[in-house]
Structures are given as structure tokens and as C-alpha cells.
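Chemist: here is the input, now give the coordinates:
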Amino acid sequence: MEILSTGEKIKRARVYQGITLKELCGDKVSISKMSCIENGKIKADKDILEYISKKLGLDYEYLIRDVEEQITSNLQLINKDLVPDEEMDNVINHNLNYALEYSYNDLAFELIHKLFNHYVKMNKVENIQLIISQYYDLYQKNNTRENTITYYKDMATFFYSIEDYNEAINYYSRTRSLIKSNINFNKADYAYISYREGKSYEKLGQLEKTYDTINEALKYIDYINNTLDKGDIYHCFANVCIKLNKDEAEKYMSLAYEYKKENPIVLAIAKGKSGKSYFYAKDRDRAVEEIKEGIELFPTINEGKYVKFLNSCIRTLYENKEYDIAYEITDKALNSAINSKNIVLIEEAYYLKGMILQKKGLYVQAEMYMNLSLDSVFKFASKEKRYERYLDMGEMYYKLGDVKDSLKYFTLAMRLEKE
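Modeler: Alright, predicted model coming up:
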């Protein structure tokens, strides 16, 4: 994906073949002019380029293919996902630098849009912060309606990814207004943006606004082709209906499950989320039923995803004081975590089992699992997570009546808090 100007192509081929400027020029062109052509100071006439292509054995079409065409061609490869993720950063930046150097602002805007989304996907927040002002400048230079929508959507996605939901809502709302201002607006795009704005309100716990915004997405959901995306929107609406005690909850839950039924992992995860909503609505029996159904549905062949789901279900049950039911799942989660050989999942399984044993009053057994969890935490966790674990350990030993160890862990927690 290397980009070369016509002059650079000539110079590279000439040097590679061991030909001097004088030899290349012959009696056809002056040495000073050829030097200017190679250095990009002047453009060569057609007859000169035809002469050079024959002299150096270069394809004429290759020689005249300018930087803009090369960038456009590379963008097509990027858009078709033909560039590996590990190479994406370098490839886009290489093309972006050329687009900026040659003042191809429209191409530069499209490239920085791709780069921005790549950084969001890879969760490279520091990289995003380095290019965010440059992205804004390029947007200002290419301030069309479509580019404004693109820019707003990217900003909203970024702020959602860093959990700044108020800013995400600000950009999603502006995007929605801009999309709908066109008589022949893109209905599917509008539905997606409404859904994502609704999800932002959901994260903030603003359920009425979630309901209203997702309801707006439902008006145009038939324009969405992806069945799983439809299922997500129906499921989100069903969950907010459950929490608000709306009559239509069952209708939309059935629709959500219908669209997700072909993918057992997706359906199982949806049932786990439904369980949380039913707990919120104080319907404990239905909550437990949904979670158990989700666990039964989840295929065990994918050990890592299976453990994550089990740990998530255990945490939901624990937070809602269903300790006995949560405990029934812990051995299954722990064994699968050990089989997965994923230290993060193993640590979480130890921790959840230890916390549940404490709630059941089995502190001696809990001590073993909490210590196993703490040993694992030291291998990968941040100071914030270690701080939380120290507090848990301090509280456990306090309940065990072991004042010495309780003070030790609370002291360690305080030291980390100061840091």
C-alpha cells in the first residue's frame, strides 16, 4: 500500500537500475528539468513520461497513476476489510499523511474517520485524544451534511465507549435531528441512532427517556435487515417495559427471542439480561427462571464465553440475594474457568464463590476461595481491583473475628487508596 508520486517512481526505478540523470535524460530533456520532475517540483508532459516509461521499462499507466488515485484505491481495500487489524493503524496513517500533504481534504476526512473508528474498536483512548482535534479540523474543511452526520456519529460512539453517556446522548440526538431533516432520510440509519441514544439513557437509569427513544427506533425497525440487530432493539425495549411495568413487555420479549433463536449464545445472554430486568421489577421467580433457561441454552463448547456468562449470572443472583441458587452454579463456573486456563475468569470464579460462602455464613470455606482469588489478582489486576479485594478480605476477617488479619488488609487498602 505504499504511495509514490510520479517523480518518486521515476527516481526509484532509475537508481535501482543504476542509471544516472544524464543517461536518463539523453537529448530528450534537460538534467535540471528531470531533477525537478523527480523531486515533485514540476509535472512532466505526456511525451516525456512516455519516453521515460520506455527508457526505464515502466508501465505508462503505473507511471501516471497519481497519489490521489493510489489513496482512493487503498481506501477501497480498507472499506472492504482487506487490511488486517494489526496493520490498520500504519496503513491509514501512511495514506492520511499523503492526503494531507497533497491537500486532498475529502480523502483525508474519510481516512481519519476510518482511523478514529479503528481506535474506538481497539479501545485506544490515548490515540483518539491525539487525533480528535485534527478530525474536527478536517470536518470543518469538509462541512457537508453527510460528513456532519458521520462526525457526530463517531463522536457519539466514542463517548459511549468511554461511558460518558451524557455527551453520547448530545451527539446522538443531534445526529437524529440531522438525519430526519431530510425528507428522504435513511430510515435504517435513523432507527440505529435512536436505539443507541436509548441505550445511553438506559445506562444513566433514565427509563422514561429510554422508552421514548427506543420507541422511536421501533417506528423504522422494518428498514433494518440484520435480524440480530432487530432482536437487540426489541429486547432493549422489552427490558425497559418490564422495569416500567408496561403491558407490552411480553409482546416485545417474544419478538426479541424470535429474532435471536437461531443463535443460542445470543439468546442465552439475552435471557440473562432479562433476568436482571425482572429482578428490578421485583418479579423474582421470573428472574430466576430466565437466568436458569439462559444457562441451559448456552453451549458449553466455547469455554471462555460460557464462563463469562456463568459468572455474570452468579453476580446477578448474588446482587439480588439469591445466594443458594447462585451457589448451585459456582462449581460449574469454577471448573469451566479452570479448563479455560484464563486467569481473569478463574479469579472471578474464586471471588464469587468466596463472597457467596460468606453470605451463607461459611467463613472458613470462604477464606480459602478469597485467598485463591487474591493470589490470582496479583498476577494481572490494577491497583483499583486490588484495593477492592483488600477491603473484601478485611471485612471477611472482621466477621471471622480475626482482628489482626482484618487490620492488615484494611491497612493495605488504605495505602493503595493514598496512591
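Chemist: next structured bit after the worst-scoring helix or strand of the chain on mean pLDDT?
Modeler: Lowest on mean pLDDT, DSSP states H and E among the helices and strands of the chain sits helix 60-64, with a mean of 78. Note on helix 60-64: by DSSP states H and E, the next helix or strand toward the C-terminus is helix 67-79.
Chemist: ok so, going back, list the helices and strands the least confident helix or strand of the chain packs on?
Modeler: helix 6-16, helix 46-56 (3 or more Cβ pairs under 8 Å, 6 or more residues apart in numbering; DSSP states H and E). All C-beta spots, glycine's among them, are computed from the backbone N, C-alpha and C.
Chemist: mind saving the C-alpha coords of it as PDB?
Modeler: Provided in PDB are the C-alpha atoms of helix 60-64 (Å, rounded to 0.1, in the frame of the first residue of the first chain):
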ATOM      1  CA  TYR A  60       3.000   4.000 -18.500                       C
ATOM      2  CA  GLU A  61      -0.300   3.600 -16.700                       C
ATOM      3  CA  TYR A  62       1.600   2.900 -13.400                       C
ATOM      4  CA  LEU A  63       3.800   5.900 -14.000                       C
ATOM      5  CA  ILE A  64       0.900   8.400 -14.500                       C
END
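Chemist: in that helix, what's buried?
Modeler: Of all the residues in helix 60-64, those buried under the rule 16 or more other Cβ atoms under 10 Å are L63.
Chemist: just how off-centre is it within its chain?
Modeler: With Cα atoms, centre = their mean, to the nearest Å as the basis, helix 60-64 stands 40 Å off its chain's centre.
Chemist: likewise for stretch 228-247?
Modeler: On Cα atoms, centre = their mean, the centre of stretch 228-247 falls 23 Å from that of its chain.
Chemist: contact partners of it?
Modeler: 191-192, 195, 198-199, 202, 207-208, 210-211, 214-215, 217-218, 221, 224, 248-250, 252-253, 255-260, 263, 266, 270, 273-274, 276-278, 280-281, 283 (Cβ atoms under 8 Å, 6 or more residues apart in numbering).
Chemist: next one: stretch 42-62
Modeler: By Cβ under 8 Å, 6+ apart, the residues outside stretch 42-62 that reach it are 6, 9-10, 13-14, 17, 19, 24, 26, 28-29, 33, 36-37, 63-64.
Chemist: now do 7 Å
Modeler: For stretch 42-62, the surrounding residues in contact (Cβ atoms under 7 Å, 6 or more residues apart in numbering) are 6, 10, 13-14, 17, 24, 28-29, 36-37, 63-64.
Chemist: how about stretch 344-358?
Modeler: Contact partners of stretch 344-358, identified using Cβ under 7 Å, 6+ apart, comprise 304, 307-308, 311, 314-315, 318, 323, 326-327, 330, 333-334, 337-338, 365-366, 369-370, 372-373, 376-377, 380, 396, 399.
Chemist: what about N142, distance to T150?
Modeler: Look at N142 and T150: by Cβ to Cβ, to the nearest Å, they are 10 Å apart.
Chemist: residue nearest the centroid of the protein?
Modeler: The centroid of the chain falls nearest to K121 when counting by Cα atoms, centre = their mean (3.7 Å).
Chemist: burial measure for the closest residue to it other than its chain neighbours, as a count.
Modeler: Leaving out its chain neighbours, the residue that sits closest to K121 by Cβ to Cβ, 6 or more residues apart in numbering is D85, at 8.0 Å. D85 sits with 10 neighbouring residues when counted by other Cβ atoms under 10 Å.
Chemist: then L345?
Modeler: By the criterion of other Cβ under 10 Å, L345 has 24 neighbours.
Chemist: quick one: name whatever helix or strand follows the helix or strand hosting it.
Modeler: Under the criterion of DSSP H and E, L345 resides in helix 343-359. Going down the chain from helix 343-359, the next helix or strand is helix 363-380, by DSSP H and E.
Chemist: chain center to the next helix or strand after that following helix, what's the gap?
Modeler: Next along the chain after helix 363-380, taking DSSP H and E as the criterion, comes helix 383-400. Centre-to-centre, helix 383-400 and its host chain are 32 Å apart (Cα atoms, centre = their mean).
Chemist: mind listing what's buried in helix 383-400?
Modeler: Applying a neighbour-count criterion of 16+ other Cβ under 10 Å, one finds 386-394, 396-397 buried in helix 383-400.
Chemist: distance to L130 for those - can I get that in a markdown table?
Modeler: Below are the buried residues of helix 383-400 laid out as a markdown table (distance: Cβ to Cβ, whole Å):
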| residue | distance to L130 |
| --- | --- |
| R386 | 30 |
| Y387 | 30 |
| E388 | 31 |
| R389 | 34 |
| Y390 | 35 |
| L391 | 36 |
| D392 | 38 |
| M393 | 40 |
| G394 | 41 |
| M396 | 44 |
| Y397 | 46 |
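Chemist: which one of those residues is nearest N342?
Modeler: Proximity of those to N342 (Cβ to Cβ) peaks at R389, which lies at 18.0 Å.
Chemist: look up how far A326 lies from the closest one.
Modeler: Per Cβ to Cβ, R389 is found 19 Å from A326.
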